[in-house]
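**Q** Have a look at this fold, sequence not included:
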């Protein structure tokens, strides 16, 4: 198991020598989205204006903005998911620990619903 | 623990370290994008045929390269401050352990319920059993119950030391005459290694820290055993 883990980590691919796109969540998706946007924007600008250098500028700008946007969107969703996982995990633990006692979380919910009706 | 030639962080074993890993990913992506931009600007400037010796000022670009770095710094500072305050939250610890640094070993005291204390020396390389890690194993581990908030009071008896466990995201200086407090919760059972992180003499590199997180029953059994031995 440890050997497999080490093999996975040694296969990591680092962009510019720093960004490990295989092991960092959302990194691969963000870079791929950014690359696609860069090609579309750069090519589109060139086809419209025939200006090579300016098209490259737009391509790089599109890459940076799209990578950033895709990254934050994915990380925000990931963070929401992690919080939900933590709540579920704590809820399960509390349910197992306090089932049948006065601290049972489902018991408190049921009693408050019964009081309302 | 770390594997050979590892450059990045170890896997997180506490919620704080998980947050630190996420913050590091966030900051690294920003650094990567800035590096891409700078690299592109360098290539563009080296390959341009344009020359203009008479540009005196340009308000627009000055505004851009003042406001943009400020925005980037705010984007980095906000999550950083969040984690800083998260680490300082009062968490009602179940157990308090004193970690005292000496030249050149650590001693741990569990004095909440009984008077339990022991020293933790590095196992010399010639005494290692097969499968043990060179310069990292200790004869007595600091055993803690898993998924329980633990408070560690760190100090030193002689010179400066530092109690560090990377997998838990902890580093706290051990200063003689001063009590420094840190706290952690281990998310999963396991053995987590660290090394003294403040130069303290000839054997500074040979006083490791080993934290073993076990289920509560195992911790109770271990503490009873240690009390009997002492």
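**A** Yep, that arrived. Remember, it's a predicted structure, so these values are computed and weren't measured experimentally. Residues are numbered from 1 along each chain as shown, chains lettered A, B, ... in the order given.
**Q** OK, now which residue of chain B is nearest to chain A?
**A** Shortest chain B-to-chain A distance, computed as Cβ to the nearest Cβ: residue-wise this is residue B:32, at 4.4 Å. For glycine as for every other residue, the C-beta is placed from the backbone atoms N, C-alpha and C.
**Q** ok, and does the lengthiest helix in chain A reach over to chain B?
**A** Longest among the helix segments of chain A by residue count, using DSSP state H, is helix A:52-98. Yes. Contact check for helix A:52-98 against chain B, using Cβ under 8 Å from any Cβ of the partner chain: residues in range are A:53, A:56, A:57, A:60, A:63, A:64, A:67, A:68, A:71, A:75, A:79.
**Q** list the helices and strands that helix packs on?
**A** Contacts of helix A:52-98 with other secondary structure elements, assessed using 3 or more Cβ pairs under 8 Å, 6 or more residues apart in numbering or on different chains; DSSP states H and E, are made with helix A:27-49, helix A:105-116, helix B:15-47.
**Q** Which of those has the lowest mean pLDDT?
**A** Set side by side, those differ in mean pLDDT, and helix A:105-116 is lowest with a mean of 58.
**Q** Run a quick neighbour tally on residue B:196.
**A** Counted with other Cβ atoms under 10 Å in any protein chain shown, the burial measure for residue B:196 works out to 25 neighbours.
**Q** same check, this time on residue B:137
**A** Neighbour count of residue B:137, defined by other Cβ under 10 Å: 21.
**Q** From the residues of helix A:52-98 next to chain B, list the buried ones, please.
**A** A residue is treated as buried here by neighbour count (16 or more other Cβ atoms under 10 Å in any protein chain shown); on that basis the buried members of the residues of helix A:52-98 next to chain B are A:56, A:57, A:60, A:63, A:64, A:67, A:68, A:71, A:75.
**Q** which stretches of chain B form strands?
**A** Listed from the start of the chain, chain B has strands (DSSP state E) covering B:95-102, B:105-110, B:116-120, B:142-145, B:150-156, B:161-165, B:170-174, B:180-184, B:190-195, B:208-214.
**Q** For the ones you listed, give me TSV that also has distance to chain A and mean neighbour count.
**A** Converted to TSV, those look like this (distance: least, Cβ to the nearest Cβ, whole Å; neighbours: other Cβ atoms under 10 Å in any protein chain shown):
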stretch	distance to chain A	mean neighbour count
strand B:95-102	18	20
strand B:105-110	24	20
strand B:116-120	24	16
strand B:142-145	14	22
strand B:150-156	18	21
strand B:161-165	19	26
strand B:170-174	21	20
strand B:180-184	17	19
strand B:190-195	12	20
strand B:208-214	16	23
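**Q** Dump those strands to JSON lines, plus mean pLDDT and distance to residue A:83.
**A** JSON lines is the format used below for the strands of chain B (pLDDT from 0 to 100; distance: least, Cβ to Cβ, whole Å):
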{"stretch": "strand B:95-102", "mean pLDDT": "96", "distance to residue A:83": "27"}
{"stretch": "strand B:105-110", "mean pLDDT": "96", "distance to residue A:83": "34"}
{"stretch": "strand B:116-120", "mean pLDDT": "94", "distance to residue A:83": "37"}
{"stretch": "strand B:142-145", "mean pLDDT": "96", "distance to residue A:83": "25"}
{"stretch": "strand B:150-156", "mean pLDDT": "96", "distance to residue A:83": "24"}
{"stretch": "strand B:161-165", "mean pLDDT": "97", "distance to residue A:83": "26"}
{"stretch": "strand B:170-174", "mean pLDDT": "96", "distance to residue A:83": "23"}
{"stretch": "strand B:180-184", "mean pLDDT": "95", "distance to residue A:83": "20"}
{"stretch": "strand B:190-195", "mean pLDDT": "96", "distance to residue A:83": "24"}
{"stretch": "strand B:208-214", "mean pLDDT": "97", "distance to residue A:83": "24"}
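**Q** quick one, which of these is nearest to residue B:89?
**A** Nearest to residue B:89, of all those, is strand B:180-184, at 8.7 Å by Cβ to Cβ.
**Q** Show me which residues of chain B are close to chain A?
**A** Taking Cβ under 8 Å from any Cβ as the criterion, the contact residues of chain B with chain A come out as B:3-4, B:6, B:8, B:22, B:25-26, B:28-29, B:31-33, B:35-37, B:39-40, B:44, B:48.
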